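Trainee: Here is my input; please provide its structure:
(2 chains)
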Amino acid sequence: MSFHAALRNATKSVFLRVEEAFDAPFGGRDNPLRHLGAIGLYLLWIVVGSGLYLYTVLDTGIDAVYSSIGYLSQEQWYLGGVLRSLHRYASDGFMLVMMLHLLREWSYGRYFGFRLYSWMTGIPLIWLAYVAGIGGYWIVWDELAQLSATATTELLDWLPIFNEPSARNFLSPDTISDRFFTVLIFIHLGVPLLLILGLWAHVHRISHVDYLPTRRVMLATAAALTVLALFRPVLSNPPANLASVPGELAFDWFILFIHPLTDLSSPAFVWALLFGLTALLFALPLLPHGRPPPVAVVNPANCTGCDRCLADCPYAAISMAPHPGRPGSRLAVVDPDLCAACGICAGACPSSTPFRRREKLVTGIDMPQLSVNALREQLEAALPRLAGRTRIVVFACDRGAAAGKLLAADDTAVIDLMCTGMLPPAFVEYALRGGADGVMLAACREGGCEFRLGDRWSSERLLGEREPHLRHSVPPSRLQLTFASAHDSTRLATALTEFRTRIEALGATTDRLQPYLRRAPHHA
Amino acid sequence: MLKPAAIVGQVILYGAFAAFIGYFATSPTYHQIPDDVALIKLSISHLGDRACRKRTPEELAKMPPNMRAPMDCPRERSDIKLEVDLDGREVFRTVLHPTGLYKDGVSTVYKRFEVKAGTHQLAVRMNDNVVNPGFNFVQEEEISLAPRQVMVIDFNPDQGGLYFK
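Mentor: Prediction:
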């Protein structure tokens, strides 16, 4: 294993452990670490909203800019002061969440293949965020702004981009004019607009995007930042004076860390670090990876053009085109560059029902590496082998708890799936009517699906909230939906034991479904 | 419905998030230079002189009448030689090159020197036409720097050349 792979795996392990620990108080839907992108976007909206108010009250004169912002904190602390503090703290939170998001996606290996576009479009956003953040500090024109403006221009001047050193603009008090702040404000508005445009591109190739976290997360985050704003309001440092070097300053390490880093090292080191890291991030997808798995394949003869695969695909890899053989009908088309090979589309296809009598089950859209037909064959082979009082079939995501090794027994058949979302719900009924006493579906933890939506779609289909749904005639008592990650072997084993006990308690109840054998006549 | 333990857990974790942001948004404080230090910024942007030559009457006679400029001035600018001494010690020696593909742009320099606050003897010498020996601009004076004061060494031909501000 390479050093990079070892580092990535170690980081992923830390993330997984912390995420799973956070599941206890937050649950999957509210777990902040599972929704860093959505929280980042939410923080950005707080920054934009509070910034609009600050923009309306800002006076762009050299002295007025300082006093107009100071007025908010001193005289209008209950509104302008709080909004100013929210603007600052939400910006810091955005930086923190953005870097965590980057680190998490890297550690999960989400930077190549079908995720390449999102990865590549995300990297420039980091630069835009820091340009917007650093520029925002200058607008206050206090000593911190002076330090940042001087240090940034000195850093920029190391690059051969300006004819004259840009730091000459901050040599003495008389070198600054009112126009500087007007230009600065336009930059501070323009760069975040570019950032928002870039974010749109960043999520462009995924579907069902979480543009915002859950309402509970939004309220709690806003409350936490507001309490912080009230108890520790943001205040200006003394006004800028270019005739002297700022003294000791309250310093924002989230955004301005680059200045002490430059003071400690050199501009050459800092630029080498920044350009080097950026190049490294861009180059990561070029590292050798395993061969990508085969992508979904459409069978035109069995595709009804129903759109369900289009609706469920988490990565917008499916589009609909006119069916070449059936005028007026449509046909699913898979974009191989975007396909994640999760199989969720096969699980969504109404043609994927195992009750079809054809010897070889050919469905509208399928995965070559684990076709719906192969899944049915596995199930049909496993059912007669089951022995014991309570025969259970477990369909388990092979990225979750190691169900195959852990649970397989004489009375338990385990069928591994690439994602639980690839299981057509009719397979549950098929297993029960084929002789199983119960069916367990072991999905990844809520919000922890490698393919984003597998756990959610599985759950909604089985609960009858999403098509294709599990038929209502299937007794819920014989179905168990369990969420278990790779670290949850014990939890999964316990869930199975409890499920078995529950089924045994049912005894010879009347909720058993009529047996169904595909190869036997059923019209007697 | 959230369990009480989950509510407590969330309050603690959201509180930790806010505390983390609140602390590192302002702390630890940063001190760019020590309190007893002042800063001298050397910042000069100047077009070097051109090595002009007076055309001979023979040369002028060979030229079209409308182009008989008495001086032949090349487009290129001269390098600029610059020296800074502080309290009799050399602190900076450089030769500035003109910018531009044709070396016809300004020559610039921007340097920071951290010095102890107090009285110092500062001498700056500049030659903007290195064809000529010596320095055609010299500024030397005793300066008194307060702690954290920024003093600028600049050049403006309209203000007599080198000056300290």
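
Trainee: now the helices for chain B?
Mentor: Here chain B has its helices, by DSSP state H, at B:4-24, B:57-62.

Trainee: Out of the ones you listed, which one sits most buried?
Mentor: Among these, helix B:4-24 has the highest mean neighbour count (mean count of other C-beta atoms under 10 Å in any protein chain shown), at a mean of 15. Quick note: C-beta positions are derived from backbone N, CA and C, even for glycine.

Trainee: Name the residue of chain B that lies nearest to chain A.
Mentor: Nearest residue of chain B to chain A, counting by C-beta to the nearest C-beta: residue B:9, 2.8 Å away.

Trainee: Next up, phi/psi of the residue nearest to that residue when sequence neighbours are not counted, please.
Mentor: Spatial nearest neighbour of residue B:9, chain neighbours left out: residue A:25 (2.8 Å); criterion: C-beta to C-beta, 6 or more residues apart in numbering or on different chains. When quoted as degrees, to the nearest 10, the phi and psi of residue A:25 stand at phi -80, psi -30.

Trainee: can you pull the contacts of residue A:25?
Mentor: Contacts here follow C-beta atoms under 8 Å, 6 or more residues apart in numbering or on different chains; on that basis residue A:25 touches B:5-10, B:13.

Trainee: now swap in residue B:44 and tell me
Mentor: Shown in contact with residue B:44 (C-beta under 8 Å, 6+ apart): B:80, B:82, B:96, B:107-109, B:126, B:153-155.

Trainee: please redo it, this time with the cut-off set to 7 Å
Mentor: By C-beta atoms under 7 Å, 6 or more residues apart in numbering or on different chains, the contact set of residue B:44 is B:108-109, B:154-155.

Trainee: Select from those residues every entry located in strands.
Mentor: Counting by DSSP state E, those place B:108-109, B:154-155 in strands.

Trainee: Filter the residues you listed to keep only those in contact with chain A.
Mentor: Filtering the ones in strands among the contacts of residue B:44 for proximity to chain A by C-beta under 7 Å from any C-beta of the partner chain leaves residue B:108.

Trainee: most neighbours, which of the ones in strands among the contacts of residue B:44?
Mentor: Highest neighbour count within the ones in strands among the contacts of residue B:44: residue B:155, with 22 neighbours (other C-beta atoms under 10 Å in any protein chain shown).

Trainee: pLDDT value on the nearest residue to that residue once chain neighbours are set aside, please?
Mentor: Leaving aside its sequence neighbours, residue B:155 sits nearest to residue B:44 (C-beta to C-beta, 6+ apart; 4.5 Å). According to the prediction, residue B:44 has pLDDT 93.

Trainee: beta partners for residue B:44?
Mentor: Here residue B:44 sits in beta bridges with residue B:109, as judged by DSSP bridges.

Trainee: ok, back up a step: can you list the contacts of residue B:44 in CSV and add pLDDT and distance to residue A:387?
Mentor: CSV is the format used below for the contacts of residue B:44 (pLDDT from 0 to 100; distance: C-beta to C-beta, whole Å):
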residue, pLDDT, distance to residue A:387
B:108, 93, 87
B:109, 93, 88
B:154, 93, 94
B:155, 93, 96
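
Trainee: Nearest to residue A:175 among those residues?
Mentor: Closest approach to residue A:175 among the contacts of residue B:44 (C-beta to C-beta): residue B:154, at 10.2 Å.

Trainee: That closest one: what's it in contact with?
Mentor: B:43-44, B:163, B:165 are the contacts of residue B:154 under C-beta under 7 Å, 6+ apart.

Trainee: can you rerun that using 6 Å?
Mentor: Applying C-beta atoms under 6 Å, 6 or more residues apart in numbering or on different chains to residue B:154 gives the contacts residue B:43.

Trainee: Residue B:85 now?
Mentor: Applying C-beta under 6 Å, 6+ apart, we find residue B:85 in contact with residue B:123.

Trainee: Repeat the analysis, applying 7 Å as the threshold.
Mentor: By C-beta under 7 Å, 6+ apart, the contact set of residue B:85 is B:91, B:123.

Trainee: Equivalent analysis for residue A:104, please.
Mentor: By C-beta under 7 Å, 6+ apart, the contact list for residue A:104 reads A:15, A:36.
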